[in-house]
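Q: Provided below for reference: sequence and predicted model.
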Amino acid sequence: MARRVPIQTRIGFTALAWVIALLLFSPILWTLLTAFKTEAEAIAAPPTFLPQNFTLENFGAVQDRSDYFKHALNSIIVSFGSTLIGLAIAIPAAWSMAFAPTKRTKDILMWMLSTKMMPAVGVLIPIYLIFRDLRLLDTLHGLTIIMTLINLPIIVWMLYTYFKEIPVDILEAARMDGAELWNEIIHVLVPMAIPGIASTLLLNVILAWNEAFWTITLTSGRAGTLTAFISSFSSPQGLFLAKLSAASLLAIAPILLLGWFSQKQLVRGLTFGAVK
Amino acid sequence: MATKQTRTLARAMMAPAVLVLLIWMAVPLAMTLWFSFQNYSLINPMMTGFAGWANYAYVIGDPSFTQALVNTLLLVGGVLLITVVGGTFLALLLDQPIWGQGILRILVISPFFVMPPVAALIWKNGFMHPGYGMLGHLWKFFGLQPVDWFNQFPLFSVIVIVAWQWLPFATLILLTALQSLSEEQREASEMDGANALNRFRYIILPHMARAITIVILIQTIFLLGIFAEIRVTTGGGPGYASTNIAFLVFRTGILSNDIGAGSAGGVVAVIIANIVAIFLMRAVGKNLDA
């Protein structure tokens, strides 16, 4: 929808937008460049822009020091595991709220949303003690449970807004044909709902991947995810800027790529369907 | 329309989600409340029994609490101000007919996908470090003394990092809202001879009001709980200079093992979050209903 504007205005706006966007992106770009420099070059003054002695040794050093692959695997298990369990619980709930709403449906949805407003520190201590007593501290299944619970309201809400858009007539038709309820879900609803479910999955994997309160407070060595991995770099030791950059890049690259693909769904999911 | 059988089934399908969330809400919260009235320290197991309001008196009476409360408000307020004003400006800019809109969008949205500890650490070491951070180099280039950001301006530094993370969110949502403003509306207002400022004030801003409301609401929920950014940069210090309520509870309950006092802090955090939520919902309720 190009509006007709003078070419000078267009050039001016374009230049301004690029300058601001590059400034905002510069911490990520700088991390990317520094990750391939030697430690000496990383702290050189004045700084170099492109790596002069391109090296991959930082990545090897990071793997040796903190075992990136183990933490990455933990992140994958927890983020996908919690999202899949969340979907299994949320899909039936969202289905019934979207297609068989009662007077209380709106209230239940609002109540679910309100659980997101409860600050995590309000329940940190009991959860910590329960986890300690049940030997769930620093375990992947313990973390997965918590992650499922904190993202469940968002999953229900997102699915609900997607399911709402599925035309009810189609379900009525299936019902007329004598389809059982479960058949109705599996053969009629699911195929139509798959795009919505996929978006929900993607966004919640991103949220779980970046979650940094419970992952840091409830894990240490064994079940640590990438947030815990990177937090181990918080106290500097000797020359380490290039290694920190390499570690940072490794931690954010997978989700950055996923995120770029899911910008549109992000808006919808994070605003609980209020902005589309 | 729906038979009684369907209705029962529908309820059964909703039950697991409602049940687990109910447990998740009620049980730990009740325990926090219970602990907050107990003498309970992991370091001193001899200390037991009912504490009355002692934990609350201890937490609220400590100067660190007042500071943490003020820090929390400054952190939330500061980040909201930067992201809403900056986000509105950026959304308006990106909505102009410019070249490379797709790539610009990706560049601008990227910081949102950076996990909090990474964001904090690359700012701390790559940018704000007085010796080899980019800002240090920049200051030296202009002949100035590099600033030791985290020692001199700890809270401000945390605000900058968090604002950098949330500016993309505000921008993206406001841009989405802006793009739903119909072309006819814009053209009509242009034909009527409204200038840019009036168009912004009477057409665009009212249209974006709902989205701005939502940005404020959602960000406030997340900003009240800022934790990792503080944990990996300042550790709440120097002293309590960058400790917010969330971090204070962690410090008291987990680091100092004082379960009673930590729980009292947790209850206070819940109360504050509720006050903010009610206040916000009221102040902006009319926008949400629309």
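A: The structure has been received and is ready for your questions. As the structure is a computational prediction, the values presented were derived from the model and not from experiment.
Q: Who are the contact partners of residue 189?
A: In the absence of a named chain, this looks at chain A. Contacts for A:Leu189 were tallied using C-beta atoms under 8 Å, 6 or more residues apart in numbering or on different chains; they are A:95, A:163, A:166, A:171. No exception for glycine: its C-beta is placed from N, CA and C like everyone else's.
Q: wait, I meant chain B there
A: B:Ser189 makes contact with B:199, B:202-203 under the criterion C-beta under 8 Å, 6+ apart.
Q: Tell me the buried residues in the longest helix along chain A?
A: For chain A, the helix with the greatest residue count under DSSP state H is helix A:68-99. For helix A:68-99, burial by neighbour count (16 or more other C-beta atoms under 10 Å in any protein chain shown) applies to A:68, A:70-72, A:74-75, A:77-83, A:85-87, A:89-99.
Q: Packing partners of the helix or strand encompassing B:Asn55?
A: According to DSSP states H and E, B:Asn55 maps onto helix B:54-61. Under the contact criterion of 3 or more C-beta pairs under 8 Å, 6 or more residues apart in numbering or on different chains; DSSP states H and E, helix B:54-61 touches helix B:259-289.
Q: per-residue pLDDT, A:Val275?
A: Per-residue confidence at A:Val275 stands at 69 (pLDDT).
Q: distance between the worst-scoring helix or strand of chain B on mean pLDDT and the chain's centre?
A: Lowest by mean pLDDT, DSSP states H and E among the helices and strands of chain B is helix B:183-191, with a mean of 72. On the basis of C-alpha atoms, centre = their mean, to the nearest Å, helix B:183-191 sits 36 Å off its chain's mean C-alpha point.
Q: Show me which positions of the next helix-or-strand element following that helix end up buried.
A: Remark: after helix B:183-191, the chain's next helix or strand is helix B:196-199, criterion DSSP H and E. Judged by neighbour count using 16+ other C-beta under 10 Å, the buried positions of helix B:196-199 are B:Arg199.
Q: what comes into contact with helix B:196-199?
A: The contact list for helix B:196-199 (C-beta under 8 Å, 6+ apart) reads B:186, B:189-190.
Q: Just the helices from the stretch 1-150 of chain B, written as ranges.
A: B:4-35, B:54-61, B:63-94, B:101-109, B:116-121, B:134-141, B:149-152 (DSSP state H, counting those that start in this stretch).
Q: Could I get these in CSV, plus columns for mean neighbour count, mean pLDDT and distance to A:Phe213?
A: Formatted as CSV, these follow (neighbours: other C-beta atoms under 10 Å in any protein chain shown; pLDDT from 0 to 100; distance: least, C-beta to C-beta, whole Å):
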stretch, mean neighbour count, mean pLDDT, distance to A:Phe213
helix B:4-35, 16, 86, 14
helix B:54-61, 18, 84, 20
helix B:63-94, 19, 93, 15
helix B:101-109, 18, 88, 23
helix B:116-121, 28, 91, 9
helix B:134-141, 15, 84, 28
helix B:149-152, 18, 85, 21
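Q: got the angle between the longest helix of chain A and helix B:4-35?
A: Counting by axes from the mean of the first three to the mean of the last three C-alpha atoms, to 10 degrees, helix A:68-99 lies at 130 degrees to helix B:4-35.
Q: Next, the contact list for B:Phe141, please.
A: A:Pro46.
Q: mind redoing it with 10 Å?
A: Taking C-beta atoms under 10 Å, 6 or more residues apart in numbering or on different chains, we find B:Phe141 in contact with A:45-46.
Q: got it, and B:Phe50?
A: Contacts for B:Phe50 (C-beta under 10 Å, 6+ apart) come out as B:37-39.
Q: Dig out what it forms beta bridges with.
A: Per DSSP bridges, the residues bridged to B:Phe50 are B:Gln38.
Q: which residues in the stretch 51-200 of chain A form strands?
A: Read by DSSP state E, counting those that start in this stretch, the stretch 51-200 of chain A holds no strands at all.
Q: what about it, any weak spots by pLDDT?
A: A:178-179 (pLDDT under 70).
Q: If we use 50, what do you get?
A: Under the criterion pLDDT under 50, no range of the stretch 51-200 of chain A is flagged.
Q: All the helices of it, residue numbers only.
A: Applying DSSP H, counting those that start in this stretch to the stretch 51-200 of chain A gives helices spanning A:57-66, A:68-99, A:105-115, A:121-133, A:140-164, A:168-176, A:181-183, A:190-210.
Q: re the thing from before, want to try a markdown table for the helices of the stretch 1-150 of chain B, with distance to A:Leu137 as columns?
A: A markdown table is the format used below for these (distance: least, C-beta to C-beta, whole Å):
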| stretch | distance to A:Leu137 |
| --- | --- |
| helix B:4-35 | 15 |
| helix B:54-61 | 24 |
| helix B:63-94 | 26 |
| helix B:101-109 | 35 |
| helix B:116-121 | 20 |
| helix B:134-141 | 39 |
| helix B:149-152 | 30 |
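Q: So which of those helices is nearest A:Lys103?
A: Nearest to A:Lys103, of all the helices of the stretch 1-150 of chain B, is helix B:4-35, at 12.1 Å by C-beta to C-beta.
Q: Just want the most central residue of chain B.
A: Geometric centre of chain B, nearest residue: B:Leu223, 1.5 Å, by C-alpha atoms, centre = their mean.
Q: Check chain A too.
A: Mean-position check on chain A, C-alpha atoms, centre = their mean. Result A:Ile206 at 1.4 Å.
Q: Contact partners for that residue?
A: When contacts are counted by C-beta under 10 Å, 6+ apart, A:Ile206 touches A:79, A:83, A:254-256, A:258-259, A:262, A:265-266, A:269, B:112-113, B:115.
Q: Same check on B:Val276?
A: By C-beta under 10 Å, 6+ apart, the neighbours of B:Val276 are A:117, A:119, B:72-73, B:76, B:217, B:220-221, B:223-224.
Q: re earlier: touching chain B at all, the longest helix of chain A?
A: Yes: Helix A:68-99 lies within reach of chain B by C-beta under 10 Å from any C-beta of the partner chain, at A:75, A:86, A:88-97, A:99.
Q: May I see the residues you listed organised as a markdown table, with distance to B:Gln145 added?
A: Shown next, in a markdown table, are those (distance: C-beta to C-beta, whole Å):
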| residue | distance to B:Gln145 |
| --- | --- |
| A:Ser75 | 41 |
| A:Gly86 | 51 |
| A:Ala88 | 58 |
| A:Ile89 | 56 |
| A:Ala90 | 55 |
| A:Ile91 | 59 |
| A:Pro92 | 62 |
| A:Ala93 | 59 |
| A:Ala94 | 57 |
| A:Trp95 | 63 |
| A:Ser96 | 64 |
| A:Met97 | 60 |
| A:Phe99 | 66 |
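Q: Which of the residues you listed sits closest to B:Ala177?
A: Using C-beta to C-beta, the residues of helix A:68-99 next to chain B come closest to B:Ala177 at A:Ala94, 24.6 Å.
Q: hang on, isn't the closest one packed against A:Thr200?
A: Yes: using C-beta atoms under 10 Å, A:Ala94 is in contact with A:Thr200, at 9.2 Å.
Q: what touches both of the two?
A: Both A:Ala94 and A:Thr200 are contacted by A:87, A:155-159, A:161-162, A:193, under the criterion C-beta under 10 Å, 6+ apart.
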